[in-house]
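1. any chance you could fold what I've pasted below:
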Amino acid sequence: MTSRHLRSVVPPYLLRAVAAAPTDRFPRAASAARTALASMDRVQEPKQVTGLRAPRTAGTPDASPQRTISTAAGTTTLPGTVVRREGDGDTGDAATDEAYAGLGATHAFWLDVFGRVSIDGAGLPLEATVHYGQEYDNAYWDGQRMVFGDGDGEVFRRFTVAVDVIGHELAHGVTQYTADLVYQGQSGALNESMSDVFGSLVAQYAAGQTAEQATWLIGEGLFTDAVHGVALRSMRAPGTAYDDPVLGEDPQPATMAGYVETTEDQGGVHLNSGIPNHAFFLAATTIGGPAWVGAGQVWWDALTSAEVSASIDFAGFAAVTVRAAVTRFGADSHEHAAVTDAWRSVGVLS
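-> Numbers count the residues shown, from 1 in each chain. A predicted model of the protein is given here:
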């Protein structure tokens, strides 16, 4: 496996906009965003993993979450000091307790919906560090643990407030242990989209929402009231999550007509993920009911299919989901038609 950039939930184009914001409006946020941007360029060597396709070890893994929450106490030293372990009661620290609950909700989703014990399918302990850095404007998966900043308080609140963000970052771990999609270009955008898809499903499952009831917003609640926006991204309507006079307009495309060719952000992985995100939204809402029962099953079947290579593009992945829908629901099924039509609507399939 190759070196990995940190998998962060806030895209670099948004952090650059915050970094360039006038100090009379956001006096602390600009500096905090520059620090977060610098950390996104850091590369770490990934831990060797045994993927879902590899032979399983004997025995049944412990199905409990096995959570450990540490605090960096405002430093950038990982993992920090342990402040809550599995089974411990609330600490009274919001970030610690939100992280603990979010890890638990994510673990429950994977176990209940897909029978997957933790993100590696073999009971991997879930570790997280809160209070990372000073006013750190991001949350990320580093290949082994979740790391949460407290936000700058002007643009971003603490990053433990949104359970879909926790689900998003841990889904990067699931992808790492399954298809291990290359974090570049279209396969990288699919990597980001898998995290938005399953992060959103974690939140929907925890809330007991159907596809019709869900907001399909990623990072809802992260922005402070000073920002004209509701979330980092919208799967329902990519490009509409925020429109702020200082931070600008959400640049995500919803269809291939707006596909962005760029060398930044690993080839636009956070931008172009809007296209497969919207395809999933269309499929899920057309099928109806709980999204994890219909489209979620199809996307999971595809992600874990031997047909999916690490460098697969949008069209290749779309074709695998169509075949997965046939296998699971039948060639004349409503689900098959919904998945096919969704990819056609976003311009990936003709």
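2. please identify which helix or strand holds S39.
-> Using DSSP states H and E, S39 maps to helix 29-40.
3. mind checking how far that helix is from the chain centre?
-> Mean C-alpha position of helix 29-40 versus that of the full chain (Cα atoms, centre = their mean, to the nearest Å) differs by 20 Å.
4. buried sites along stretch 201-210?
-> Within stretch 201-210, the residues that count as buried by 16 or more other Cβ atoms under 10 Å are 201-206, 209. From N, CA and C alone the C-beta is placed, and that goes for glycine too.
5. so where is this structure shaky, pLDDT-wise?
-> The chain contains residues with pLDDT under 70 at 1-6, 41-59.
6. ok, which stretches of the stretch 251-350 of the chain are helices?
-> Ranges of helices in the stretch 251-350 of the chain, per DSSP state H, counting those that start in this stretch, are 265-272, 274-287, 295-303, 314-329, 334-345.
7. hmm, back to that, which of the buried residues of stretch 201-210 sit farthest apart?
-> Comparing every pair within the buried residues of stretch 201-210 by Cβ to Cβ identifies V202 and Q209 as the most remote, at 11.3 Å.
8. make CSV out of the buried residues of stretch 201-210 and add distance to A162 and secondary structure.
-> Putting these into CSV (distance: Cβ to Cβ, whole Å; DSSP: H, G, I helix; E, B strand; the rest coil) gives the following:
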residue, distance to A162, secondary structure
L201, 14, helix
V202, 10, helix
A203, 8, helix
Q204, 13, helix
Y205, 15, helix
A206, 11, helix
Q209, 15, coil
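9. from the residues you listed, which is closest to A302?
-> The shortest separation between A302 and any of those is 14.3 Å, and it belongs to L201 (by Cβ to Cβ).
10. doesn't F148 belong to a strand?
-> Yes. Under the criterion used here (DSSP: H, G, I helix; E, B strand; the rest coil), F148 sits inside a strand.
11. who's it bridged to?
-> Beta-bridge pairing for F148 (DSSP bridges): A139.
12. can you tell me how far it is from T224?
-> As judged by Cβ to Cβ, to the nearest Å, F148 and T224 stand 17 Å apart.
13. same check on A122?
-> Separation of A122 from T224 (Cβ to Cβ): 40 Å.
14. for the residue nearest to E307 when sequence neighbours are not counted, list the residues it contacts.
-> Take E307 and drop its neighbours on the chain: the residue closest to it by Cβ to Cβ, 6 or more residues apart in numbering is V320, 4.9 Å away. Under the criterion of Cβ atoms under 8 Å, 6 or more residues apart in numbering, the contact list for V320 reads 302, 305, 307-308, 312.
15. as CSV, those residues with neighbour count and distance to V174 would be great.
-> Putting the contacts of V320 into CSV (neighbours: other Cβ atoms under 10 Å; distance: Cβ to Cβ, whole Å) gives the following:
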residue, neighbour count, distance to V174
A302, 24, 13
S305, 18, 14
E307, 13, 18
V308, 21, 13
I312, 21, 16
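16. which of these sits closest to R328?
-> Set against R328, the nearest of these by Cβ to Cβ is A302 (10.2 Å).
17. distance check, that closest one against V161.
-> 31 Å.
18. cool, F280 as well?
-> The value you get for F280 to V161, if Cβ to Cβ is used, is 24 Å.
19. E261 now?
-> When distance is defined by Cβ to Cβ, E261 is 34 Å away from V161.
20. which residues touch D244?
-> Listed by Cβ under 8 Å, 6+ apart, the contact partners of D244 are 227-229.
21. most neighbours of all those, which one?
-> Comparing the contacts of D244 by number of neighbours (other Cβ atoms under 10 Å), G229 comes first, having 21 neighbours.
22. how about the nearest residue to it, chain neighbours excluded?
-> With Cβ to Cβ, 6+ apart as the criterion, G229 has its nearest non-adjacent residue at 2.5 Å, and that residue is Y242.
23. confirm for me that the one you found is in contact with E249.
-> Yes. With contacts defined as Cβ atoms under 8 Å, Y242 counts as touching E249 at a distance of 7.3 Å.
24. these two: which has the busier surroundings?
-> Looking at Y242 and E249 with other Cβ under 10 Å, you find the greater number of neighbours at Y242, namely 21 against 15.
25. now do the phi/psi pair for the more buried one.
-> According to degrees, to the nearest 10, the main-chain angles of Y242 amount to phi -150, psi 150.
26. circling back: now the contacts of V320 in JSON lines, with distance to E86?
-> Below are the contacts of V320 laid out as JSON lines (distance: Cβ to Cβ, whole Å):
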{"residue": "A302", "distance to E86": "32"}
{"residue": "S305", "distance to E86": "33"}
{"residue": "E307", "distance to E86": "37"}
{"residue": "V308", "distance to E86": "33"}
{"residue": "I312", "distance to E86": "36"}
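27. picking that back up, tell me which of F148 and T224 has more neighbours.
-> Each of F148 and T224 had its neighbours counted (other Cβ under 10 Å), and the higher figure belongs to F148 (31 against 15).
28. any idea how far that one is from A94?
-> When F148 is compared with A94 (using Cβ to Cβ), they lie 11 Å apart.
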